[in-house]
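In: okay, here's the prediction I keep looking at, along with the sequence it came from:
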Amino acid sequence: MKIHIIKINPGIIPLLTIIFSFSEFALCSQSLDTNGVAGFRVGNKWGIIDHHGNMVSAPKYDKLSFYKNSGTYVINEKYGLLQADGKELTEAVYEYIEPRSYYGLRAFQQEGKWGYLDNNGSIKIPAQYDLTNHFSDDRTVVTIGDDDFLIDREGKTIVQLEGLHYVIYNADSIYVARDSSTLLIDHEGKVVKKYPFSTYWIDGTYMTIHSSYYERNIKKGLADMNGQILLPIEYQKIEPDSDLIFVTKNGLSGFVNKYNKSVIPLGKYEYVDIFRENNFYTEYRKSGKSGFVNRSGKEIGNEFEQTRRFLLGAADVKQNGKWGSIDTTGRLIIPCRYDFIYSLGNNLFCIQKRGKFSLIDRQQKPVSKKKFQACMVGGLSTINSSTLIIVKKRNKYGVIDLNGNYVVKPAYDEIGYYSWS
């Protein structure tokens with residue numbers, strides 16, 4: 001389980017919002033199941049449709065934001081809570097409500113103070129805090145003035161946290177990060193262990209550490225969960241990723257293992273990205289050309305002008321001004337002949353040619369005859385999931401499936417990406 005930094009007010013930045021303006025070439029993916037819903041806009045009002053195209057709620061809201069089976073709506077700059085089926089759980093009377101709940105509670109703001117609502121929209125903890133964080137199991141950290149408190153689900157203070165900069169915690173452990181130390185405390189607020197370094201990220205395997213919170217140009221290191229330092233505090237950037245650790249030192253990036261032994265030397269590439277899928281390659285740039293390198297340092301496809309990371313076994317590449325796609329051996333499976341391409345998985349691709357977007361298969365045969373002004377991916381298939389693509393035609397938005405069939409005919413001024421339960 002990931003352990004989250006929580007000294008950030010979740011009310012400021014929603015984790016998932018479906019209200020935004022689409023770029024003509026923007027593509028983004030997410031899985032959804034049969035309970036998927038999306039916001040649609042007609043004029044300046046938003047409503048809700050399901051992924052069959054059925055209207056769940058008529059357009060009457062100024063904004064909509066969803067996470068899974070619930071979300072928030074806005075009327076006259078005030079927030080309310082609603083379910084994915086359109087049922088309004090509260091009136092629009094709050095300054096903000098977080099779209100996502102954690103362990104059945106979500107932060108809300110009223111008259112400048114923060115509190116918590118339950119999933120039915122009832123006030124569980126009244127608005128009284130200057131800063132809130134999401135719940136992890138039965139606890140969270142809140143701020144009043146300059147003081148931080150660990151509280152339970154009823155709002156009862158467990159302990160006041162002194163000298164706090166931020167807290168990292170999961171259901172079993174709470175880590176209080178100070179200027180030059182980190183404390184592990186139990187449910188009663190008692191110190192169980194003290195680490196001789198400050199930390200800002202823990203993933204259950206590693207602790208990313210630094211010597212002092214206040215130092216300029218803070219240098220970072222890595223420790224295990226017992227506090228043993230694995231990588232010395234000498235790097236500008238550290239991002240653990242399973243067996244490899246992405247590091248930057250003196251402006252040069254590369255990869256080392258947990259024993260600080262070089263795997264991909266720092267500075268070998270002008271640019272190298274972190275690994276985002278365990279068994280695939282990551283992007284690099286060297287001598288003005290882009291390609292991919294795997295976890296052992298093996299390179300493929302080092303002759304391209306531009307690349308995009310692997311997704312479901314395919315990566316999009318640009319050569320001589322045109323786009324195609326390669327597999328994990330570096331072989332071109334779609335020749336570089338298109339103005340734009342995006343791999344959808346399932347041997348399907350969204351391509352742009354002569355200003356129009358359409359779907360093709362691996363043999364470059366059209367999936368359907370339909371062509372569009374723009375395509376935005378709204379989901380990628382996984383087991384028991386649907387795959388929907390938001391499209392634009394004649395300046396209106398609709399939704400198609402991977403067979404090119406309309407799920408929602410282009411009739412709306414905007415459609416938000418689908419949320420799912």
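Out: Received the coordinates, thanks. Here the structure is a predicted model, which is why all the values come from computation and not from measurement.

In: okay, now Glu154: neighbour count?
Out: Neighbours of Glu154 under the rule other Cβ atoms under 10 Å: 8. Bear in mind the C-beta positions are built from the backbone N, C-alpha and C, glycine included.

In: hmm, I was thinking of Lys63
Out: When neighbours are defined as other Cβ under 10 Å, Lys63 has 18 of them.

In: just checking, it touches Asn44?
Out: No - with contact defined as Cβ atoms under 8 Å, Lys63 does not count as touching Asn44 (10.2 Å).

In: how close does Pro232 get to Val247?
Out: Distance, Pro232 to Val247, using Cβ to Cβ, to the nearest Å: 11 Å.

In: looking at those two, which is more packed in?
Out: Neighbours per residue (other Cβ under 10 Å) separate Pro232 from Val247, with Val247 holding more: 25 against 12.

In: quick one: what helix or strand has the more buried one in it?
Out: Val247 belongs to strand 244-249 when elements are defined using DSSP states H and E.

In: any buried residues in the helix or strand following that strand, and which?
Out: Next helix or strand after strand 244-249 toward the C-terminus (DSSP H and E): strand 252-256. Using 16 or more other Cβ atoms under 10 Å as the test for burial, strand 252-256 gives Ser253, Gly254, Phe255, Val256.

In: likewise stretch 337-353?
Out: Tyr338, Phe340, Ile341, Tyr342, Ser343, Leu344, Gly345, Leu348, Phe349, Cys350, Ile351, Gln352.

In: tell me which element the fourth one is part of?
Out: Remark: Tyr342 resides in strand 340-345, with elements defined by DSSP H and E.

In: list the helices and strands that strand packs on?
Out: Of the remaining helices and strands, those touching strand 340-345 by 3 or more Cβ pairs under 8 Å, 6 or more residues apart in numbering; DSSP states H and E are strand 315-319, strand 322-326, strand 348-353, strand 374-377.

In: so which residues make contact with the third one?
Out: Counting by Cβ atoms under 8 Å, 6 or more residues apart in numbering, strand 348-353 makes contact with 25, 27, 314, 323, 325, 334, 338-344, 357-362, 367, 375, 377, 389, 402, all of which sit outside it.

In: if any of those residues are buried, give me the ChimeraX selection for them.
Out: To isolate the buried subset of these in ChimeraX, counting by 16+ other Cβ under 10 Å, use the following:
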select :27,314,323,325,334,338,340,341,342,343,344,357,358,359,360,367,375,377,389,402
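
In: any chance of a markdown table for the helices and strands packed on strand 340-345, columns mean pLDDT and distance to Tyr129?
Out: As requested, those are exported to a markdown table (pLDDT from 0 to 100; distance: least, Cβ to Cβ, whole Å):
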| stretch | mean pLDDT | distance to Tyr129 |
| --- | --- | --- |
| strand 315-319 | 94 | 46 |
| strand 322-326 | 96 | 50 |
| strand 348-353 | 93 | 45 |
| strand 374-377 | 80 | 38 |
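
In: Thr90: which of those strands is closest?
Out: For the helices and strands packed on strand 340-345, proximity to Thr90 was assessed by Cβ to Cβ; strand 374-377 is nearest, at 30.9 Å.

In: for that closest one, packing partners?
Out: The contact analysis (3+ Cβ pairs under 8 Å, 6+ apart) places strand 374-377 against strand 340-345, strand 356-361, strand 389-393.

In: worst mean pLDDT among these?
Out: Per-stretch mean pLDDT for the helices and strands packed on strand 374-377 is lowest at strand 340-345 (a mean of 87).

In: so what strands line up beside the strand holding Tyr342?
Out: strand 348-353 (antiparallel) (DSSP bridges).

In: was I right about Ser180 contacting Ser212?
Out: Yes - taking contacts as Cβ under 8 Å, Ser180 lies within contact range of Ser212: 5.1 Å.

In: start to end distance for stretch 36-49?
Out: End-to-end distance for stretch 36-49: 9 Å, by Cα to Cα, to the nearest Å.

In: ditto for stretch 162-173
Out: Across stretch 162-173, first to last residue, Cα to Cα, it's 17 Å.

In: do you know how far the nearest residue to Arg308 once chain neighbours are set aside is from Ile300?
Out: Residue nearest to Arg308 in three dimensions, not counting chain neighbours: Asp316, with 4.3 Å by Cβ to Cβ, 6 or more residues apart in numbering. Applying Cβ to Cβ, the value for Asp316 to Ile300 is 14 Å.

In: cool, and Cys336?
Out: Taking Cβ to Cβ, one finds Cys336 at 15 Å from Ile300.

In: settle it for me: which of the two has more neighbours?
Out: Cys336 (19 against 16).

In: need the three-state assignment for that one.
Out: At Cys336 the chain is in strand, as set by DSSP: H, G, I helix; E, B strand; the rest coil.

In: I figured it hits Gly324, correct?
Out: Yes - in this structure Cys336 lies within contact range of Gly324 using Cβ under 8 Å: 3.7 Å.

In: what touches both of those two?
Out: Val317, Lys318.

In: thinking again about what came up before, with distance to Asn133 added, can I get the helices and strands packed on strand 340-345 in a markdown table?
Out: As requested, the helices and strands packed on strand 340-345 are exported to a markdown table (distance: least, Cβ to Cβ, whole Å):
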| stretch | distance to Asn133 |
| --- | --- |
| strand 315-319 | 37 |
| strand 322-326 | 42 |
| strand 348-353 | 39 |
| strand 374-377 | 32 |
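
In: for Asp203, find the nearest of these.
Out: When the helices and strands packed on strand 340-345 are compared by Cβ to Cβ, strand 315-319 sits nearest Asp203, at 26.2 Å.
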